[in-house]
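> Generate a structure from the sequence data that follows.
(chains A and B)
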Number of protein chains: 2
Amino acid sequence: MTHPDPLRGFPEKEFEERVERAQKLMQESSLSALLLCTEAEVRYFTGFHTPFWQSPTRPWFLILPMDGKPVAVIPSIGEASMKETWIDDIRTWSSPNPSDEGVSLLSNTLIEILPIASNPSNNGLEIGLPMGNETHLRMPLLDFAKLKELIHPHSFTDSTEIIKSLRGVKSEAEIYKISKICEIVSNGFASLPDLLKVGMTEREAFKAFRMKLLELGADEVPYLVGATGSGFSDIIKQPSDRVIQPGDLVMFDTGSTYDGYFSDFDRNMAFHFADDKAKYAYQIVWEATEAALKLASPGKTTTDLWAAMGSVLETESNRNESVGRFGHGLGMQVTEWPSNTNNDATVLQEGMVLTVEPNLTWGDGHIMVHEENFVVRADGIELLSRRAASELQIIS
Amino acid sequence: MTHPDPLRGFPEKEFEERVERAQKLMQESSLSALLLCTEAEVRYFTGFHTPFWQSPTRPWFLILPMDGKPVAVIPSIGEASMKETWIDDIRTWSSPNPSDEGVSLLSNTLIEILPIASNPSNNGLEIGLPMGNETHLRMPLLDFAKLKELIHPHSFTDSTEIIKSLRGVKSEAEIYKISKICEIVSNGFASLPDLLKVGMTEREAFKAFRMKLLELGADEVPYLVGATGSGFSDIIKQPSDRVIQPGDLVMFDTGSTYDGYFSDFDRNMAFHFADDKAKYAYQIVWEATEAALKLASPGKTTTDLWAAMGSVLETESNRNESVGRFGHGLGMQVTEWPSNTNNDATVLQEGMVLTVEPNLTWGDGHIMVHEENFVVRADGIELLSRRAASELQIIS
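Sure thing, here's the model as predicted:
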């Protein structure tokens, strides 16, 4: 009756391995538990996957003990969905309940789970919580203050590095999903010359592209930005009523998803004809990606990628500092750690999925961005996005 | 050349009025500034609208001084986009910069903006920051700790109530956008009998519905959950490979958007025929919404709505407590304050946009939810969703 897609979901073993890796790192950092409350982290350890996180009303918590499976402390509206995952210990409260939005249940559960009995002399144990760059606490600050009081003398300590190192290296199952969405989006970009034409508005172009991506198999298109015109400096833009003209450039950048994993790359094209400066800018950013893609392999760093792209851009054009980096990690979020910058220096490892995304300033303050997605393999990289044409494509 | 849609964007006057209302409330609470860092709040006061918030890398800040326009403290990648809004004072840093991710720039700007000179004897001024229910801090906790040190002796105090009261009452321009997306989604639901059929998988059904909503004019479909089967208890579910059977129910619940404003309502239908219990459950939740829609008007409370729905459900069936409320506010987020609960007691005012969303348990632990969207008017309500049929619709 059903024909399950092998690319959907994960075998339980995958979650067991993630938890084991986390617990090893927790032990090395002398953490007695890990507390997580954001979508990507809860999904990473449970498989719990719902767009319900967009509702700001209810916090969701996951506790990783030192041993054994994670414990979910969640609003009862999510119980049926969480029961479909590999998690057994699910504790719920009826939410919304502003006077105690899960805080008592969470603190009681934490104290129950902490290995207090085996540390009788310990005045307080440390609970890991991501507090560093690219993280945030998805619960009200006033509730967090209450929680800290309730678990005293135990306390929270930053565990960003643990999460970053775990999520940074993807499993083959994760890579398949990213590969799948990159293929779908590559097909979507290939269809643009048939989809777009002079006389359309930007809104019509966005709509046509978004629908095409879904038609081709994307589950969702959560991130779509773009612009048209002789050039543009806003690269995170939503569509306007502007009508596409002959000679215009068009840029689309999309983070589309398949089974909860993102692609993230853009394409630039021109309508009917293109300015020589635009063609030249395109070639330079294309060559910058080429330099990084040739260099990338285990042992190189994100800063090596940055330097490789920078050296192409530097000799040929004005580098633009506004984007702040030349690419980043990619996975359950449209951008993840690490960043390709002048001092990030993350060492590339097999299984890391990254983007390279050089950008330059050209013409009258315009920005040109070019992006590809790849996974680091033993002997170099495997490209996940279909390589862009080396010359600016013209839509006739 | 362009044909601007009057429903797109807001006149500058709208932002001026929002800021004036905020500054009046700030004065009443003796706040010297307001700090905001989440998507809805920054957009509310600026019009800054981009899906870029999905990237967790960079924090974004907006400061409301006691007088005058807001000041944006943002990553330079957003400068071009922020310049398109009514904001003049835009301060940027090149991000990512993990060693100082905007913290110095933000603290310097806050101290510059605080009316310190006019309060020479004051040991510390209070800066409002939303810290209460349904809020979170979108910056790393470690950076927030640094920020608190840098602005000492000034400090942050909760300002949730200010934001809640401002955003809770919608302007006519906001109501138009919600009305527009509710109309589009109503048309989408009306098309379901033509779109869905026995033999499709849930995934195919989701895809068909998502594409139809875009075709009909939704900008995006950020929230889409649903289920099929003889009944279901998971109401925040993503699609599976399950094949639709005769006698199945289908439920779709979508938060789609138009110009950044959400609809949020669901519909239940059955394929070929329906179980009498399902038909009866449907009628009860329909009657519960009817009771609330008849009652709602300025001066009544969210708890009155809750009681009206509860009394219909109580006499006829088992109430289900897992959802925790019978509807909520609606606007820039798929759910907003307030909640229709037994103790929320928010007084309804003209311009509030709300959902009513009763749910009950029926059959073998199944849940049936029914939802409508409306705006409170002087003499009652104006329905924004097209009223569901009073009896369970059968797809033949």
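> which ones are touching A:Leu214?
The neighbourhood of A:Leu214, defined by Cβ atoms under 8 Å, 6 or more residues apart in numbering or on different chains, consists of A:Glu220, A:Val221, B:Lys207, B:Arg210, B:Met211, B:Leu214. To be clear about C-beta, it is placed using only N, CA and C from the backbone, and glycine gets the same treatment.
> swap the cut-off to 10 Å and go again
Going by Cβ atoms under 10 Å, 6 or more residues apart in numbering or on different chains, A:Leu214 touches A:Ile184, A:Gly188, A:Glu220, A:Val221, A:Ser256, B:Phe206, B:Lys207, B:Ala208, B:Arg210, B:Met211, B:Leu214, B:Val221.
> Mind checking what secondary structure it has?
Using DSSP: H, G, I helix; E, B strand; the rest coil, the secondary structure recorded for A:Leu214 is helix.
> coming back round to it: turn the contacts of A:Leu214 into CSV, including pLDDT and distance to B:Ser396.
Formatted as CSV, the contacts of A:Leu214 follow (pLDDT from 0 to 100; distance: Cβ to Cβ, whole Å):
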residue, pLDDT, distance to B:Ser396
A:Ile184, 98, 34
A:Gly188, 98, 35
A:Glu220, 98, 30
A:Val221, 98, 32
A:Ser256, 98, 35
B:Phe206, 98, 21
B:Lys207, 98, 22
B:Ala208, 98, 17
B:Arg210, 98, 23
B:Met211, 98, 22
B:Leu214, 98, 26
B:Val221, 98, 26
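> Now intersect these with the strands, please.
A:Glu220, A:Val221, A:Ser256, B:Val221 (DSSP state E).
> So what sits opposite the first one in the bridge?
Per DSSP bridges, the residues bridged to A:Glu220 are A:Thr257.
> State the number of residues packed around it.
A:Glu220: 23 surrounding residues under other Cβ atoms under 10 Å in any protein chain shown.
> Now for A:Ser171: which residues touch it?
A:Phe10, A:Lys13, A:Glu14, A:Glu17, A:Arg18, A:Lys177, A:Gly351.
> re earlier: which of the contacts of A:Leu214 are buried?
Those of the contacts of A:Leu214 that meet the buried threshold are A:Ile184, A:Gly188, A:Glu220, A:Val221, A:Ser256, B:Phe206, B:Lys207, B:Ala208, B:Arg210, B:Met211, B:Leu214, B:Val221, by 16 or more other Cβ atoms under 10 Å in any protein chain shown.
> Distance to A:Gly102 added to those, as CSV?
Shown next, in CSV, are the buried ones among the contacts of A:Leu214 (distance: Cβ to Cβ, whole Å):
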residue, distance to A:Gly102
A:Ile184, 37
A:Gly188, 40
A:Glu220, 28
A:Val221, 32
A:Ser256, 33
B:Phe206, 30
B:Lys207, 34
B:Ala208, 37
B:Arg210, 31
B:Met211, 37
B:Leu214, 36
B:Val221, 29
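> Let me know the closest of those residues to A:Asn133.
A:Ser256 (25.6 Å; Cβ to Cβ).
> I'd assumed A:Pro222 was in contact with that closest one.
Yes: A:Ser256 is within contact range of A:Pro222, at 7.4 Å (criterion: Cβ atoms under 10 Å).
> Need the overlap of contacts for the two.
Going by Cβ under 10 Å, 6+ apart, residues that sit against A:Ser256 and also against A:Pro222 are A:Phe262, A:Val334.
> List just the nearest of the contacts of A:Leu214 to B:Phe273.
Within the contacts of A:Leu214, the smallest distance to B:Phe273 is 21.9 Å, found for B:Ala208 (Cβ to Cβ).
> Could you report the distance from that closest one to chain A?
Distance of B:Ala208 to chain A, given as Cβ to the nearest Cβ, to the nearest Å: 10 Å.
> I figured that residue hits B:Leu224, correct?
No: with contact defined as Cβ under 10 Å, B:Ala208 does not count as touching B:Leu224 (11.4 Å).
> low pLDDT regions in the stretch 51-200 of chain A?
Along the stretch 51-200 of chain A, the model assigns pLDDT under 70 to residues A:120-122.
> tally of neighbours for whatever residue of the stretch 151-300 of chain A ends up closest to chain B?
Using Cβ to the nearest Cβ, the closest approach of the stretch 151-300 of chain A to chain B is made by A:Asp234 at 3.8 Å. Neighbour count for A:Asp234, taken as other Cβ under 10 Å: 19.
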